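> Pasting the sequence and the predicted coordinates here, then a few questions.
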Amino acid sequence: MASGRRMSRQMEAMADSAAPAVAEPPPATKPRAPRARMMRQYDLVERVRSYNPDTDEDMLNRAYVYAMKAHGEQTRASGDPYFSHPLEVAAILTNLKLDDATIVAALLHDTIEDTEATRTEIDKLFGHEIGALVEGLTKLKRLELVSREAKQAENLRKLLLAIANDVRVLLIKLADRLHNMRTLDFVPPASRQRIAEETLDIYAPLAGRMGMQEMREELEDLSFRTLDPEAFAVVMQRLDALAERNRNLIGEIETQLSANLAKNGLTAEVTGRRKRPFSIWTKMERKSVGFEQLSDIYGFRVVLDDVPSCYRALGVVHTTWPMVPGRFKDYISTPKQNDYRSLHTTVIGPGQQRVELQFRTHDMNQIAEYGIAAHAFYKDGAGSPTELLNRESNAFAWLRHTIEMLSEAQNPEEFLEHTKLELFHDQVFCFTPKGKLIALPRAANVIDFAYAVHTDVGNSAVGCKINGKFAPLSSELQNGDEVEVLTSSVQSAPPAAWESLARTGKARAAIRRATRAAMRDQYAGLGRRIVERLFARAKIDYADDKLKGALPRLARASIEDVMASVGRGEMKASDVARAMYPDYKEERTARFGGKKPEKPGIKPTPEAGKVGPAVPIGGIHSGLPVKFAPNGGAVPGDRIVGIVSPGEGITIYPIHSPALKEFEEEPERWLDVKWDIDETTPQRFPARLFVQNVNEPGSLAQIASVIAEHDGNIDNINMSRRSPDFTELTIDLEVYDLKHLSAIIAQLRAKAVVAHVERVNG
Ligand code: MN
């Protein structure tokens, strides 16, 4: 919007010219009638009937009465009964000749939000179609409660389009805004300013891009008048003076030009208009020129049949009025980048008034109106509709096309019934508590949102509130949600499992980076412990400074690098000691963690010992070798933990495994991990069962066949003890997951020969 600073320069420029620059109280754009009596029920029905003889009068009447009763004693800021507002909104829409459902929905548009009315009741009384329209408007109205940043305007327009799944919702919304702008003077100054800014940033451009130029201009001028009353007054005054001087200039030129063209055998559509205050003002601002220097206060468009006619029409104009040198542009032989084509010229018309003219063919006019998308819309098979609509300019072009069709449709009801807006349905738009709008791909969740706000917010996110209610971070977001991310300074890195939850590349990459860094820290911490232990045992002093001096010998860039290398098992603690104290002698192999785990007495699972990606565990840097607990394994469905062993990688244990006791004193070796597996993956995992069975012939075969029948793979069976009555077996098998294992256990228990079954956890 025009700022006060820049305005004063413009005012000066104007003051130079002849006309007195006295600021009068700002007149309205259109002379407004003194507060008119409220429209009657009968007037509204008449208006609709004038363009739609088949209108459902009964429904219009019922809606009128229903809305009037619902709003009851409510009043507007002006003191008028509130009901006058929906009624005027409906009246604006009759000018657009809209269908009954739209008019009725306009009458009801504020009832759900502001009165006792409910969607159910409206559905019952007026049908589902109207109920859906009113609800759509209610949703849009709720969005207005969130504060906004002007630079987010484009996203907000997209959000409006994404939420409004019926073009009529947008039309009613625009009419609603127009009436509110027309009655803005009654609103307190602070909200007046906000509403006018919002109108200028969001609704006026929306109307324009939907092809409703008149609506756009009125919204712009009303906003302009509120936001910069002095500038508005000055422009209006100059325009009025000009109008006084050039009475009927537009009509004169239109007639004269059409006649001249016809005389030369040219058929043309000539339309002229005077620019509106807001567009004149923005042009003065943009070009830093005074009012008198503007050449395009009067503009004419001449649409012709073909290209030669355009040049001939230009010739006719140049022989009728003197051309202004330097203003002729040939965008037909040299189209603009965006494919725009036209001839432009400026002439000194009647009354010495500069007049701008554009000549173009019908095809060129289409492209000027709809942009490049015009090609696609008028060609068959030019891409899927969704693909077309996903591009913003196309989405708006499509909307304009729809509205144009609407105004031409013989039967608007039928047309509208088959017109569903599916704009920006692949995106979802959410607000931060401060009103910043974040656009995300559809199906994104709070983790994506947090990373979209800031990487630090993502990394330290521990919870969230959606529309004021606590929700899991994995919650899928809906359009218009207000999302508050709760962070904790304690959490410096996100759980690695988030990487598979996030939907956006940005979040995934950030999570990967953060977990990798956290992993490195973990290894470095582990390495430091190992080094310190070795030094303590060897009774030598450790100091960072001394290690720093030894870095070149260890071929590492930093102390952290050395520690991480030790933690990862790439370097021995004794190498570090030797680098710092060349005469250090290793007394015995100092392997951290004591004995090496025994080689399990089972056939290794296909995954065991293999490198990362084959093992479906989230939260592990892919370069590390991963294996399963040697005595009992782990299967998807188990809650699991990873234990880091330097030089050996990571071993996955079920969280309830007694073997974990061994590592209790070394929290730095524990790693949060999570299964990262699709239920349908036909991958098997190792588990161990302890079975006690009754000694009778064939009992072992029975047990084996139960397991086989239920698709379990037996790797190994150990008979551990045999008494006269029972045999104890340890069975290593491979199953898909915990559910599968539990099913096998249940089937074994059901066998008479089986006395006892339990799972063994390493
Ligand atoms: Mn309203």
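Cool, got the structure.

> Residue ranges in the stretch 601-750 of the chain under the pLDDT threshold?
Along the stretch 601-750 of the chain, the model assigns pLDDT under 70 to residues 601-624, 647, 667-668, 679-681.

> make it 90
Applying pLDDT under 90 to the stretch 601-750 of the chain picks out residues 601-633, 636-652, 654-685, 692-730, 736-740, 743, 746-747, 749-750.

> all helices of it, in order?
Applying DSSP state H, counting those that start in this stretch to the stretch 601-750 of the chain gives helices spanning 699-709, 738-749.

> Could you list the buried residues of the shortest one?
Read that as helix 699-709. By neighbour count on 16 or more other C-beta atoms under 10 Å, the buried set for helix 699-709 is 699-700, 702-703, 706-707. Every residue, glycine included, has its C-beta placed from N, CA and C.

> Mind putting the helices of the stretch 601-750 of the chain into a markdown table with distance to residue 467?
A markdown table is the format used below for these (distance: least, C-beta to C-beta, whole Å):
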| stretch | distance to residue 467 |
| --- | --- |
| helix 699-709 | 51 |
| helix 738-749 | 36 |
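
> domain ranges for the chain?
Split into domains by automatic domain parsing, the chain comes to 17-226, 236-374, 588-676, 685-760.

> Of these, which is nearest residue 439?
Among those, domain 17-226 comes nearest to residue 439, with 5.3 Å by C-beta to C-beta.

> Provide the secondary structure category for residue 77.
Put simply, residue 77 is coil when judged by DSSP: H, G, I helix; E, B strand; the rest coil.

> ok, the residue nearest the centre of the chain to residue 159 distance?
Among the residues of the chain, the one closest to the centroid is residue 439, at 2.4 Å (C-alpha atoms, centre = their mean). According to C-beta to C-beta, to the nearest Å, residue 439 and residue 159 sit 8 Å apart.

> Tell me the residues that contact both of those two, please.
residue 429 (C-beta atoms under 8 Å, 6 or more residues apart in numbering).

> quick revisit: hang on, the residue nearest to the centre of the chain in a strand?
Yes: assigned with three-state DSSP, residue 439 falls within a strand.

> so it bridges to which residues?
Counting by DSSP bridges, residue 439 is bridged to residue 429.

> What score does residue 425 have for pLDDT?
You'll see residue 425 listed with a pLDDT of 67.

> Let the chain start at 54 from now.
Noted, 54 is the first residue going forward, which turns the last one into residue 478.

> quick check, the helix or strand containing residue 143 touching the ion?
Using DSSP states H and E, residue 143 falls within helix 137-148. No: judged by C-beta under 5 Å from the ion, helix 137-148 stays clear of the ion, getting no closer than 5.7 Å.

> who does that helix touch, helix- and strand-wise?
Using 3 or more C-beta pairs under 8 Å, 6 or more residues apart in numbering; DSSP states H and E, the elements in contact with helix 137-148 are helix 94-104, helix 110-124, helix 153-161, helix 220-235.

> Just the C-alphas of it, formatted as CSV.
What follows is helix 137-148, C-alpha atoms only, in CSV (Å, rounded to 0.1, in the frame of the first residue of the first chain):
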residue,chain,number,x,y,z
SER,A,137,-29.4,-6.2,6.4
HIS,A,138,-25.9,-7.6,5.8
PRO,A,139,-26.7,-11.1,4.5
LEU,A,140,-29.5,-9.6,2.6
GLU,A,141,-27.2,-7.1,0.8
VAL,A,142,-24.7,-9.9,0.1
ALA,A,143,-27.5,-11.8,-1.6
ALA,A,144,-28.4,-8.7,-3.5
ILE,A,145,-24.8,-8.3,-4.8
LEU,A,146,-25.0,-11.9,-6.0
THR,A,147,-28.2,-11.3,-7.9
ASN,A,148,-26.2,-8.8,-10.0
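
> about what we covered before: per-stretch mean pLDDT over the domains of the chain, give me the minimum one.
The stretch with the lowest mean pLDDT among the domains of the chain is domain 641-729, at a mean of 65.

> quick revisit: single out the most deeply packed of the helices and strands packed on helix 137-148.
helix 153-161 (a mean of 27; mean count of other C-beta atoms under 10 Å).

> Output the helix or strand following that helix as PDB, nothing but the C-alphas.
Next in sequence after helix 153-161, counting helices and strands by DSSP H and E, comes helix 164-167. Output of helix 164-167 as PDB, limited to C-alpha atoms (Å, rounded to 0.1, in the frame of the first residue of the first chain):
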ATOM      1  CA  THR A 164     -25.900 -18.100  10.600                       C
ATOM      2  CA  ILE A 165     -23.700 -21.100  11.700                       C
ATOM      3  CA  GLU A 166     -20.900 -18.900  13.000                       C
ATOM      4  CA  ASP A 167     -23.000 -16.200  14.600                       C
END
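
> Same question for helix 164-167: list its buried residues.
Of all the residues in helix 164-167, those buried under the rule 16+ other C-beta under 10 Å are 164-165.

> is that helix up against the ion anywhere?
No: using C-beta under 5 Å from the ion, we find that helix 164-167 stays clear of the ion, coming within 8.4 Å at best.

> what's that helix packed up against?
If you count contacts as 3+ C-beta pairs under 8 Å, 6+ apart, helix 164-167 packs onto helix 110-124, helix 172-179, helix 181-196.

> Compare the helices and strands packed on helix 137-148 and report which one is nearest to the ion.
Closest of these to the ion is helix 220-235, at 4.2 Å (criterion: C-beta to the ion).

> Run the chain-centre distance for the closest one.
Between the centre of helix 220-235 and the centre of its chain there are 24 Å (C-alpha atoms, centre = their mean, to the nearest Å).

> which secondary structure elements does the helix or strand just after that helix contact?
Sequence order places helix 242-251 as the next helix or strand after helix 220-235, per DSSP H and E. Under the contact criterion of 3+ C-beta pairs under 8 Å, 6+ apart, helix 242-251 touches helix 220-235, helix 266-280.

> then the last one to PDB, C-alphas only?
Spelled out, it's helix 266-280. Extracted in PDB, the C-alpha atoms of helix 266-280 (Å, rounded to 0.1, in the frame of the first residue of the first chain):
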ATOM      1  CA  GLN A 266     -12.400  -7.000 -12.700                       C
ATOM      2  CA  GLU A 267     -15.200  -4.800 -11.600                       C
ATOM      3  CA  MET A 268     -15.300  -6.500  -8.200                       C
ATOM      4  CA  ARG A 269     -11.500  -6.200  -7.900                       C
ATOM      5  CA  GLU A 270     -11.500  -2.500  -8.700                       C
ATOM      6  CA  GLU A 271     -14.300  -1.600  -6.300                       C
ATOM      7  CA  LEU A 272     -12.500  -3.600  -3.500                       C
ATOM      8  CA  GLU A 273      -9.200  -1.800  -4.400                       C
ATOM      9  CA  ASP A 274     -10.700   1.600  -4.400                       C
ATOM     10  CA  LEU A 275     -12.600   1.100  -1.100                       C
ATOM     11  CA  SER A 276      -9.300  -0.200   0.500                       C
ATOM     12  CA  PHE A 277      -7.300   2.700  -1.000                       C
ATOM     13  CA  ARG A 278      -9.800   5.200   0.300                       C
ATOM     14  CA  THR A 279      -9.500   3.800   3.800                       C
ATOM     15  CA  LEU A 280      -5.700   3.300   3.900                       C
END
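
> can you list contacts of it?
For helix 266-280, contacts defined as C-beta under 8 Å, 6+ apart pick out 54-55, 79, 81-83, 227, 230-231, 234-235, 237, 245-246, 249-250, 252-253, 256-258, 260-261, 284-285, 329-332, 334.

> so it versus helix 242-251, what angle?
Angle, helix 266-280 to helix 242-251, by axes from the mean of the first three to the mean of the last three C-alpha atoms, to 10 degrees: 140 degrees.

> which of the residues in helix 266-280 are buried?
Neighbour counts over helix 266-280 (16+ other C-beta under 10 Å) mark 268-280 as buried.

> Is it possible to get TSV of those that adds distance to the ion?
Formatted as TSV, the entries for the buried residues of helix 266-280 read as follows, by distance: C-beta to the ion, whole Å:
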residue	distance to the ion
268	16
269	19
270	21
271	17
272	15
273	20
274	20
275	16
276	17
277	22
278	21
279	18
280	21
